[in-house]
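Chemist: sequence below, structure please.
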Amino acid sequence: MSYYIVLFSPATAKMFEDSNKDIYGTRITIKSHIVKSEIGLGDKLICYVTKIHRFLGILEIQSKMYEDNKPIFTKENDPFVLRFKVKPLVWLSFEKAIPIKNNIVWNKVSFLKDEGWKHIVRSSFKSVSEDDGTYLENVLFEQTKKQEYFPFDKKAKRSLTKNLRKEDIIDKTKITSKAPRLSIVIQANLAEIGEKLGLQIWLPESDRTRVLQHWQPKENVLLQDLPLGFDKDTLKTIRNIDVLWIKKHAIVRAFEVEDSTSIYSGLLRMSDLLTLQPNLNIKIHIVSPEERKYDFFKQINRPTFLRLSKICSYISYDSINELSEEKKLEFMNDLIIDNVSEYVEKMDFRLQEKRKQLIKKQRVINYELRCRAKYNVAKRSGEIVSSYEQWKRERGF
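Modeler: Residues are numbered from 1 along each chain as shown. Alright, predicted model coming up:
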């Protein structure tokens, strides 16, 4: 018997609470991780609610994993089709669920003493030690007797109210009428291209729900954990990169999608990665709208990004959209990306900068000549007697 953390949002916890509470469901994308971890009969699921950051229950698995698309948690198109029969050993209300930073948990559970503890509550089915699992189970059982009330702070109350709005408790696989953020669509296109090229995909946890509204990966394509043997700081940086293409245990390509956010921040994240792993051999790409290409070239020529400029390219949104429509991607490899990548040449860029400065200087000179000509005409006609500088000030030039 093993213990695993499983995540609920307030909305999905309410869905489970409103069901018979005898079936736990999750998305199909996590199937390979469950199989690999050999999760099954007798294992216990420690239920953690995001947004309000509380432990609220223990479920004991009563069956093997199975797939079933019969609606349980939504009225139709239930996205939680990967299921276990479970027995709810503990299930508390939100107000009586135990906050993760309450002393009874925070100072006793070993994984919370690690600086990287947030990784454990970032995605479902992360295993915890038997000691930690047993302790949390006992604490939750004790709470069913004590029924202690834990007030919400203002931030948690806002999150709870927002997440439990009626329109949020719907089929999350449906795309709402509100237009999606363009960067999310581009992330989905990049993920789909990588999948067709036979690669596995990593997406940041914060973007997954939105990206999966536009991309439905096959089994074992979207990774739940990074199969990379890097140190903690490196993994923290890598997990926040917008899209990774991975083959076996190596990153093939990394993409930062910059729609309205600073291109400098995307380059800085990539630069940090190279600083942490100077021998890392990957290709890096900044993907943004065409009108931001000049900003990319300007930023990457900073001395800070000297090494990065040799391996980092620019790709436009249009290029990614066109590539996603290529019908023969299954017969290609990742080198196809090089056909739409633009690498900067430092000397060419400096010449462009110099040319831009000369044009700006010439515009100033031309403006001054036009002002001087108007002044001379006015002075010859006797309309003014003031000096040229005074005349300019009076007219706001």
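
Chemist: got the CA positions of stretch 140-158 in CSV?
Modeler: Output of stretch 140-158 as CSV, limited to C-alpha atoms (Å, rounded to 0.1, in the frame of the first residue of the first chain):
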residue,chain,number,x,y,z
LEU,A,140,-7.5,14.0,8.8
PHE,A,141,-9.2,11.2,10.8
GLU,A,142,-8.7,13.2,14.0
GLN,A,143,-10.3,16.2,12.3
THR,A,144,-13.5,14.3,11.6
LYS,A,145,-13.9,14.0,15.4
LYS,A,146,-12.7,17.5,16.3
GLN,A,147,-14.5,19.3,13.4
GLU,A,148,-12.3,22.3,13.9
TYR,A,149,-13.2,25.3,11.8
PHE,A,150,-10.4,27.1,9.9
PRO,A,151,-11.4,30.5,8.6
PHE,A,152,-10.4,31.6,5.1
ASP,A,153,-8.2,34.6,4.6
LYS,A,154,-9.4,37.2,2.1
LYS,A,155,-7.3,35.8,-0.8
ALA,A,156,-8.5,32.2,-0.2
LYS,A,157,-12.1,33.4,0.1
ARG,A,158,-11.8,35.3,-3.3
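
Chemist: neighbouring contacts of that stretch?
Modeler: Residues outside stretch 140-158 that contact it (C-beta atoms under 8 Å, 6 or more residues apart in numbering): 51-58, 89-90, 92, 95-99, 102, 160. In this view, the C-beta of every residue, glycine as well, is placed from N, C-alpha and C.

Chemist: run the last query once more with 10 Å
Modeler: The set of residues external to stretch 140-158 that reach it, using C-beta atoms under 10 Å, 6 or more residues apart in numbering, is 10, 46-47, 51-58, 89-99, 102, 104-105, 159-161.

Chemist: before we move on, what about stretch 335-346?
Modeler: 190, 193-194, 197, 245, 252-253, 255, 283, 285-287, 293, 296-301, 305-306, 309-316, 318-320, 322-323, 326, 328-329, 332, 351.

Chemist: go again using 7 Å as the cut-off
Modeler: 253, 285, 297, 300-301, 309, 313-315, 319, 323 (C-beta atoms under 7 Å, 6 or more residues apart in numbering).

Chemist: what's near enough to touch residue 366?
Modeler: Here residue 366 is in contact with no residue (C-beta under 7 Å, 6+ apart).

Chemist: secondary structure element holding it?
Modeler: helix 346-380 (DSSP states H and E).

Chemist: now do residue 48
Modeler: Assigned by DSSP H and E, residue 48 falls in strand 44-49.

Chemist: pLDDT on that strand, on average?
Modeler: Strand 44-49 comes out with an average pLDDT of 95.

Chemist: all further residue positions should be reported with the first residue as 35.
Modeler: Fine by me, first position is 35 from now on; the one you just mentioned is strand 78-83.

Chemist: so how far is the helix or strand following it from its chain's centroid?
Modeler: Later in the chain than strand 78-83, the nearest helix or strand by DSSP H and E is strand 88-95. Between the centre of strand 88-95 and the centre of its chain there are 27 Å (C-alpha atoms, centre = their mean, to the nearest Å).

Chemist: the inter-axis angle of strand 88-95 versus strand 78-83?
Modeler: 150 degrees (axes from the mean of the first three to the mean of the last three C-alpha atoms, to 10 degrees).

Chemist: ok, back up a step: of the contacts of stretch 369-380, closest to residue 35?
Modeler: Checking these against residue 35 by C-beta to C-beta gives residue 287 as the nearest, at 40.8 Å.

Chemist: any idea how far residue 404 is from the closest residue to residue 406 other than its chain neighbours?
Modeler: Spatial nearest neighbour of residue 406, excluding adjacent residues (C-beta to C-beta, 6 or more residues apart in numbering): residue 422 at 7.0 Å. Residue 422 sits 13 Å away from residue 404, going by C-beta to C-beta, to the nearest Å.
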